[in-house]
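**Student:** sequence and predicted structure below; questions after.
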There are 2 protein chains.
Amino acid sequence: MNPLHLLFEGTVTTPLGFTAVAVAAGLKKENQLDLALVVSENECSCAAMFTKNQVVAAPVIVDRETLAQNNSRLRAVVINSKNANACTGEPGLANARATQQIAATALGCVPNQILVLSTGVIGVQLPMDKLEAGIIDGALELSRDNGRLAAEAIMTTDTHPKHLAVNVDLPDGPVFIGGMAKGAGMIHPNMATMLAVLTTDAAIAPDVLDGLLKTAVNQSFNRISIDGDTSTNDTIFLLANGASGTAVTDPDCIQKFSAALNQLCTALAQMIVRDGEGATKFVEIQVTGTQSDADAHQIANTIAISPLVKTAFAGSDANWGRLLMAAGRAGVAFDQTKINLWIGVQQANELQLVANGTPTGYQEADAAAVFAEPEFKILLDLGSGGGGTAVVWTTDLSHDYVSINADYRT
Amino acid sequence: MNPLHLLFEGTVTTPLGFTAVAVAAGLKKENQLDLALVVSENECSCAAMFTKNQVVAAPVIVDRETLAQNNSRLRAVVINSKNANACTGEPGLANARATQQIAATALGCVPNQILVLSTGVIGVQLPMDKLEAGIIDGALELSRDNGRLAAEAIMTTDTHPKHLAVNVDLPDGPVFIGGMAKGAGMIHPNMATMLAVLTTDAAIAPDVLDGLLKTAVNQSFNRISIDGDTSTNDTIFLLANGASGTAVTDPDCIQKFSAALNQLCTALAQMIVRDGEGATKFVEIQVTGTQSDADAHQIANTIAISPLVKTAFAGSDANWGRLLMAAGRAGVAFDQTKINLWIGVQQANELQLVANGTPTGYQEADAAAVFAEPEFKILLDLGSGGGGTAVVWTTDLSHDYVSINADYRT
């Protein structure tokens, strides 16, 4: 039913009417890019999702307020990647609002048309003089050619920029969706230290856009886990400026657009996992045979964040007992005598390790060969007779993860 | 009110009427100790607590059945430290029951007077021939002098044996409580891969013993966290054989005994944390100002298992933003503008880092000096106006943790 949408290496400026700029504003050392602006010529509808952490950064508070007033006439997103502006109290909120004011003046609009994003160190006030100069300079250099540089400017411990685009052929004409994301650490369902900006030149009403974004995030960014931590700053925006002249209104168009958006978000989410801090493995965990999808998701997540599972991945050790141990502490009741477990490289069900809770007569060398691959899949069936399923993607816990995070601020 | 009980380096054989033996039964390589028996001359009352994991090892299933039939005439505990006998299906259950039969024959009692404990690799069947020979040989060498060796024989990745005893002066005469524990990895509240055997020569009815053990474990073993994983095998036994001739029945005696038991369990639990896999830090996390103790415990635990917090500990980096981030994802609602955070070496409240959600003007060098210590304390007050409090003890996440767990089976 879903047409195959073709992803390509586009950016947030692939959709018509969007420009961007990347600036070395001096927040980071050595002239590194640390500030990005994504700007639309036209006013945009906007859908947003934010971290569920109780401790939220100033930009999250300010953006929620802004979108409550205005979710249909947005003009730009301002992102810095050095300073999270989190745990900064009233001065931090004032700085986030001042950032809106500075950008609005530079772009010729009003402050509640500007969204702000921050990522980086917590508990330090933004250097507003540097940020102001960077925004003013940047606003003069906006271009459709800067999409890739913008994706580079939002990186923290990411090792490469993450951006993609997709073309959707609708009956009334083609539209594009572009996106960029940053991730790397503190990644967990509910979109941990992840920032993503998605743009489209389709015209879509805010309430429709909300539903489309929720569906896409639930299948993508909420299915990835690197370390189980969730950040104070996670945010994803989907901006629709209508510059293509094509509106997404009827159910068929919405369905086609939704499929493309899901594909784009899944690809960006998987890029974040593959570039997880210190990651040497990309592991897909499928859980089936639970009473509900939520139960399956809970079990898959618990496996994905288990340090003992993740260190076994790092060691290429097919120590499947740890998978069952982690499943068993997920808080979901099941009968251990009905567990079946398979692993595989191309398909998850290539080699069965456990049948009805008991090890099969598999050869250790065969299991070790799967875990030695940089990418492999795990299929755990709980055998409850229910139809619950879930898939999550995760990484190993390596020496480099410890090094990166023990020394992050130095 | 509580008399100060004096802990000393006693063992499970310090209380009268208990003997033990440690055997190199050939389950581990190179003639290492891998089997322990703890035996009482008299029949014992027994209280037990088990893992809350849904996936439980065969000995957990068999011990639950055994104690349901008989909790007042126990004679011995048989422990191996190489093979967890978990995820081993019906053959594993049969092997656990056969172990009871072998020990009962060797000790001249019946199988439901024997408890069995296993820890080690999951998913492999026990080598029953070696285990049988070890039990039969060991039963001939039981001695009051072997308490320390028994604590050594139950170690897996522990770097040293953990045993203590305490003397309780009751009006009717003195009694002793002895204990040994193993821990190291997969430690989390609910007593993750932890085995502990506690013995006393007091006479205590099984229902009283149950209450005493629950109270003690809730204040000790359920307050420690190394990696957030919980094992399939966690078990703690408290055996009371009455050999001292002193009964613990009236409320005053029970209160005195309880205080001593709590002190013993807290000390053993802290020994487990200090010997956590790869641990270089011992950190006490105090949480106050929540609506309930359960909320405080939930927040303290979430901080204790956060990989980003634990790697910051490993790097001696006073990156307190991660503490707040972890608190915020604990699933407990609070107002971030009311957070206060202190750290200290002797006392938790020596240096305030955050006041009302905003960084204080503390000096980074002062904070770094605290985090550079091998032991320090953290006090997080959520400022809800409620009286909830909790304390947990945890470690850092170091390179050695990754090395130990990536290569555990090799």
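**Tutor:** Okay, I see it.
**Student:** the strand ranked longest in chain A vs chain B: in contact?
**Tutor:** Taking DSSP state E as the criterion, chain A has its longest strand at strand A:35-50. No: contact between strand A:35-50 and chain B is absent, the nearest approach being 12.4 Å (criterion: C-beta under 8 Å from any C-beta of the partner chain). Just so you know, the C-beta spots here come from the backbone N, C-alpha and C atoms, and that holds for glycine as well.
**Student:** stretch A:361-379 too?
**Tutor:** No: using C-beta under 8 Å from any C-beta, stretch A:361-379 stays clear of chain B, with a minimum separation of 9.5 Å.
**Student:** return the distance of that stretch from the chain's centre.
**Tutor:** Its chain's C-alpha centre and that of stretch A:361-379 lie 28 Å apart, by C-alpha atoms, centre = their mean, to the nearest Å.
**Student:** near chain B, which residues of the stretch 51-200 of chain A? Just list them.
**Tutor:** A:52-56, A:84, A:86-91, A:121-124, A:185-186, A:188.
**Student:** in helices only, show me the residues you listed.
**Tutor:** A:89-91 (DSSP state H).
**Student:** could you flag which of those are buried?
**Tutor:** A:Gly89 (16 or more other C-beta atoms under 10 Å in any protein chain shown).
**Student:** as a markdown table, the ones in helices among the residues of the stretch 51-200 of chain A next to chain B with pLDDT and distance to B:Gly138 would be great.
**Tutor:** Below are those laid out as a markdown table (pLDDT from 0 to 100; distance: C-beta to C-beta, whole Å):
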| residue | pLDDT | distance to B:Gly138 |
| --- | --- | --- |
| A:Gly89 | 91 | 64 |
| A:Glu90 | 93 | 68 |
| A:Pro91 | 94 | 68 |
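**Student:** out of the ones in helices among the residues of the stretch 51-200 of chain A next to chain B, which is nearest to chain B?
**Tutor:** Nearest to chain B among these: A:Gly89, at 3.0 Å, using C-beta to the nearest C-beta.
**Student:** can you report phi and psi for whichever residue of the stretch 101-250 of chain A sits closest to chain B?
**Tutor:** The minimum distance from the stretch 101-250 of chain A to chain B, using C-beta to the nearest C-beta, falls at A:Ile122 (2.4 Å). Reported as degrees, to the nearest 10, the phi and psi values for A:Ile122 are phi -90, psi 150.
**Student:** okay, it: pLDDT?
**Tutor:** Note on A:Ile122: pLDDT of 84.
**Student:** list the buried ones in stretch A:129-147?
**Tutor:** Neighbour-count burial for stretch A:129-147, counted by 16+ other C-beta under 10 Å, picks out A:130-135, A:138-139, A:142, A:146-147.
**Student:** quick one, helices of the stretch 251-400 of chain A?
**Tutor:** Taking DSSP state H, counting those that start in this stretch to define them, one finds helices in the stretch 251-400 of chain A at A:251-274, A:293-305, A:307-314, A:321-328, A:364-371, A:399-406.
**Student:** right, is the third one up against chain B?
**Tutor:** By that I understand helix A:307-314. Yes: contact of helix A:307-314 with chain B (C-beta under 8 Å from any C-beta) involves A:307-308, A:311-312, A:314.
**Student:** quick one on the thing from earlier: which of the helices of the stretch 251-400 of chain A sits closest to A:Thr337?
**Tutor:** Within the helices of the stretch 251-400 of chain A, the stretch nearest A:Thr337 is helix A:321-328; the backing value is 11.8 Å (C-beta to C-beta).
**Student:** the residue of the stretch 101-250 of chain A closest to chain B contacts A:Ala86, correct?
**Tutor:** Yes: contact criterion C-beta atoms under 8 Å: A:Ile122 and A:Ala86 qualify, at 4.5 Å.
**Student:** can you show me the helices along the stretch 1-150 of chain A?
**Tutor:** All helices of the stretch 1-150 of chain A, identified by DSSP H, counting those that start in this stretch, fall at A:58-69, A:89-107, A:128-139, A:147-153.
**Student:** from B:Val345, how far off is A:Thr200?
**Tutor:** 55 Å (C-beta to C-beta, to the nearest Å).
**Student:** chain B contacts on the stretch 251-400 of chain A?
**Tutor:** Going by C-beta under 8 Å from any C-beta, the residues of the stretch 251-400 of chain A near chain B are A:305-308, A:311-312, A:314-315, A:317, A:319-322, A:324-330, A:332-334, A:336-337, A:339, A:354, A:356-359, A:397-399.
**Student:** buried subset of those residues?
**Tutor:** Using 16+ other C-beta under 10 Å, the buried ones in those are A:305-308, A:311-312, A:314-315, A:317, A:319-322, A:324-330, A:332, A:334, A:336, A:339, A:354, A:357-359, A:397-399.
**Student:** show the average pLDDT along stretch A:397-410.
**Tutor:** 64.
**Student:** which other helices and strands contact the longest strand of chain A?
**Tutor:** Under the contact definition 3 or more C-beta pairs under 8 Å, 6 or more residues apart in numbering or on different chains; DSSP states H and E, strand A:35-50 sits against strand A:18-23, helix A:58-69, strand A:74-80, helix A:128-139, helix A:147-153, strand A:195-200, helix A:206-219, strand A:235-240.
**Student:** got those as JSON lines, with mean pLDDT columns?
**Tutor:** Shown next, in JSON lines, are these (pLDDT from 0 to 100):
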{"stretch": "strand A:18-23", "mean pLDDT": "98"}
{"stretch": "helix A:58-69", "mean pLDDT": "97"}
{"stretch": "strand A:74-80", "mean pLDDT": "98"}
{"stretch": "helix A:128-139", "mean pLDDT": "98"}
{"stretch": "helix A:147-153", "mean pLDDT": "98"}
{"stretch": "strand A:195-200", "mean pLDDT": "96"}
{"stretch": "helix A:206-219", "mean pLDDT": "95"}
{"stretch": "strand A:235-240", "mean pLDDT": "96"}
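**Student:** give me the neighbour count for A:Asp169.
**Tutor:** Neighbourhood size, A:Asp169 [other C-beta atoms under 10 Å in any protein chain shown]: 13.
**Student:** ugh, wrong one, I meant A:Trp393
**Tutor:** Counted with other C-beta under 10 Å, the neighbours of A:Trp393 add up to 24.
**Student:** that one touches A:Ala269, doesn't it?
**Tutor:** Yes: with contacts counted by C-beta under 8 Å, A:Trp393 reaches A:Ala269, the gap being 7.2 Å.
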